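Trainee: When you get a sec, could you give me coordinates for this:
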Amino acid sequence: MTAKTQLALLFSARHDSFSIDLRLSENGSNEGTYREGWALFALETVFQEIAALLLFAAAVGAVVLWLRQPLIIGYILVGILAGPSVLGQVMAREQVDLLAKMGIAILLFVVGLKLDLHLIRTLGRVALATGLGQVFFTSVIGYLLALALGLEPVAALYIAVALTFSSTIIIVKLLSDKKEIDTLHGRIAVGFLIVQDIVVVLVMIGLSAFGLAGASNKVAQTLLLLLLKGTGLLAGVALLMRYVLPTLLHHLARSLELVVLFAIAWAICLAILGDSLGFSKEVGAFLAGISLASTRYREAIGTRLVSLRDFLLLFFFIDLGAQLDLGSLGAQIGPSIVLSLFVLIGNPLIVMVIMGVMGYRKRTGFLAGLTVAQISEFSLILGSLGVSLGHIGKDALGLITLVGIVTICLSTYLILYSAPLYKWLSPWLDGFERRSPDREKDEESTGQGAPVDLILFGLGRYGGQMARDLIQRKLKVLGVDIDRQVVAAWQRQGLPVRYGDAEDPEFPATLPLHEAQWVVSTIPQLDVNLALLDALQHNGFAGRKAFTAHSQRDAEILQESGADLILTPFSHAAREAAEILIEETCIEESCREKEAIDNPKDSQPIG
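Mentor: Model prediction:
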């Protein structure tokens with residue numbers, strides 16, 4: 001498309017309808033192709049088109065957020081509505097495609113940046129077993145299901161693999177908003193999502209390699225050459241990580257903006273290198289992120305690239321939606337419903353079975369399982385890669401996109417309302433838990449057998465200091481916290497502590513409630529405190545209950561629900577600070593008065 005591309009609207013009035021035809025012409029000529037749609041106005045330049053798309057995306061995004069949905073859904077809808085099937089306004093396809101490719105490269109770069117090599121080595125047995133197990137079983141069952149729906153073997157394989165990946169971006173955002181990112185199920189979910197991210201990159205490498213080998217007559221020779229190129233690429237990146245990048249970043253760190261600019265340039269350059277060596281741009285960008293993951297500037301770069309990543313990914317989802325033909329999607333509705341139900345129900349069940357076998361409670365398995373009840377943006381990228389390699393058609397990509405829209409929409413509500421959903425389904429989930437869930441009981445066993453006067457939930461700055469003061473006053477305190485590092489620190493000090501989730505309705509039953517006079521929660525979240533309060537009442541706790549509130553409204557709700565004492569840390573700290581200031585002021589005034597009495601000449605005015 002040239003700079004002289006023009007859009008012309010042709011209006012025709014008929015007795016039974018009013019139609020608008022959109023003509024795209026090159027160099028101002030009247031020759032061109034027509035597209036029928038509801039084009040509301042003519043956009044004469046690429047700049048105007050991009051501006052209109054951004055404004056439209058902002059409006060649709062506001063509606064999507066009001067519905068408590070991820071913005072990915074809104075962006076795909078923008079592409080569908082602005083694409084040729086509806087409004088026909090996405091004409092700057094080359095520019096949108098370029099921004100989309102840059103967005104995917106930055107996405108893979110950020111994913112690689114978050115994968116600290118030390119973290120990968122210490123993921124833990126449950127993250128590896130759950131992540132790899134879920135990918136394997138979902139792929140096998142999904143492939144058989146896709147074949148049963150009449151899909152070709154290659155398309156069925158692509159779709160089956162696409163169903164295995166869940167969105168790390170969406171899940172981390174939802175868990176963070178619910179303050180569950182540090183809970184047991186939250187940590188496990190993030191762990192196996194990282195495993196999935198690694199798997200999807202390996203799948204992309206394999207697809208790119210076989211796609212290149214398939215285009216050549218010498219398959220074995222081509223694969224061997226790719227293996228040698230890959231080894232050389234990894235060796236080169238490793239040498240740069242060891243001898244060049246740390247020193248270079250240290251010199252660039254005098255300006256953080258320059259570090260971020262270098263990171264973007266580094267990601268794009270390695271993406272180009274990966275593509276030129278026969279791998280994909282995504283693989284090169286991922287390696288660029290890995291190469292900077294162990295540097296001290298990892299977090300600074302990552303936090304500043306998130307907004308750029310989200311902005312550029314907007315164009316990928318718009319481009320994806322614009323490629324969908326609504327006319328052909330009608331035939332995909334039936335298969336998309338079947339596959340969506342498999343993702344929404346089957347994937348969580350697979351995770352629950354694996355975690356149950358490993359000795360976790362049914363609640364932990366259920367809440368972690370809900371995080372895989374949708375497919376990922378990587379599923380859509382994988383489908384687009386398959387189309388570009390000629391392995392699948394756009395109808396298969398449309399099916400993957402439909403499943404993505406359905407599962408992302410519904411799973412968002414499943415995660416947001418996971419607590420009442422678990423309470424409703426709990427009686428039917430006993431089969432997913434051992435009679436003795438030893439994995440979690442081992443983690444909860446510390447501190448058992450010692451007499452207890454007070455059980456304190458939350459050992460952060462506020463709760464930890466409170467526990468130390470109470471212990472100094474000879475009270476027997478049992479601490480409970482969801483953070484493994486905090487629990488480990490208290491264990492090293494020889495203090496009674498348990499690992500547990502205050503929101504787990506079954507956890508209080510494992511505590512010595514019959515011995516304790518008080519149960520105190522220093523957790524500020526109202527929903528967590530209400531869940532704990534309800535569990536204490538359900539287990540017949542006869543002692544007194546104290547809960548923390550950060551607002552007057554939360555304090556009133558807790559009091560109405562049965563709390564005996566409300567702790568307001570900010571108010572208490574403010575009052576104590578005011579008393580200290582008043583005391584210091586009084587002391588200073590008394591000192592000045594005493595000094596005036598002792599030295600009356602110094603206090604007389606001069607002259």
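Trainee: quick one, helices of the stretch 351-500 of the chain?
Mentor: Taking DSSP state H, counting those that start in this stretch to define them, one finds helices in the stretch 351-500 of the chain at 362-370, 377-388, 394-416, 418-425, 438-444, 461-472, 484-492.
Trainee: Pass me the low-pLDDT residue ranges in this structure, would you?
Mentor: Applying pLDDT under 70 to the chain flags the ranges 1-44, 84-86, 88-92, 116-124, 182, 209-220, 325-329, 434-450, 587-607.
Trainee: ok, 50 please
Mentor: Along the chain, the model assigns pLDDT under 50 to residues 1-41, 444, 446-447, 602-607.
Trainee: care to break it down by domain?
Mentor: Here the domain parsing of the chain from automatic domain parsing is 6-45, 92-431, 445-567.
Trainee: Reformat those as a markdown table; add mean neighbour count and distance to Val64.
Mentor: In short, each C-beta sits where N, CA and C put it, glycine included. Output for those, formatted as a markdown table (neighbours: other CB atoms under 10 Å; distance: least, CB to CB, whole Å):
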| stretch | mean neighbour count | distance to Val64 |
| --- | --- | --- |
| domain 6-45 | 12 | 21 |
| domain 92-431 | 19 | 9 |
| domain 445-567 | 18 | 24 |
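Trainee: Looking at those, spot the one closest to Gly61.
Mentor: Minimum separation from Gly61 across the domains of the chain (CB to CB) falls at domain 92-431, 8.8 Å.
Trainee: where exactly do the strands run in this protein?
Mentor: Secondary structure of the chain (DSSP state E): strands at 6-13, 18-25, 32-36, 454-457, 477-481, 497-499, 518-521, 544-548, 565-567.
Trainee: So in that sheet, which strands flank the last one, and in what orientation?
Mentor: Applying DSSP bridges, strand 565-567 is found paired with strand 544-548 (parallel).
Trainee: Give me the angle between the partner strand and helix 461-472.
Mentor: Orientation check (axes from the mean of the first three to the mean of the last three CA atoms, to 10 degrees): strand 544-548 against helix 461-472 gives 140 degrees.
Trainee: What lies in contact with strand 544-548?
Mentor: For strand 544-548, contacts defined as CB atoms under 8 Å, 6 or more residues apart in numbering pick out 458, 462, 517-524, 529, 532-533, 536, 558, 562-569.
Trainee: Phe286 is nearest to which of the helices of the stretch 351-500 of the chain?
Mentor: Closest among the helices of the stretch 351-500 of the chain, using CB to CB: helix 377-388, at 11.2 Å.
Trainee: Rebuild the helices of the stretch 351-500 of the chain as JSON lines, extending it with distance to Ile354.
Mentor: Below are the helices of the stretch 351-500 of the chain laid out as JSON lines (distance: least, CB to CB, whole Å):
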{"stretch": "helix 362-370", "distance to Ile354": "8"}
{"stretch": "helix 377-388", "distance to Ile354": "21"}
{"stretch": "helix 394-416", "distance to Ile354": "19"}
{"stretch": "helix 418-425", "distance to Ile354": "18"}
{"stretch": "helix 438-444", "distance to Ile354": "12"}
{"stretch": "helix 461-472", "distance to Ile354": "33"}
{"stretch": "helix 484-492", "distance to Ile354": "21"}
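Trainee: The ones you listed: which one's closest to Leu513?
Mentor: helix 438-444 (14.1 Å).
Trainee: Gly460 contacts Thr522, correct?
Mentor: Yes - between Gly460 and Thr522 a contact is recorded at 6.9 Å, counting by CB atoms under 8 Å.
Trainee: need the domains of the chain in TSV with distance to Ala62, can you?
Mentor: Below are the domains of the chain laid out as TSV (distance: least, CB to CB, whole Å):
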stretch	distance to Ala62
domain 6-45	19
domain 92-431	14
domain 445-567	26
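Trainee: how about those, which one is nearest Phe56?
Mentor: domain 92-431 (9.2 Å).
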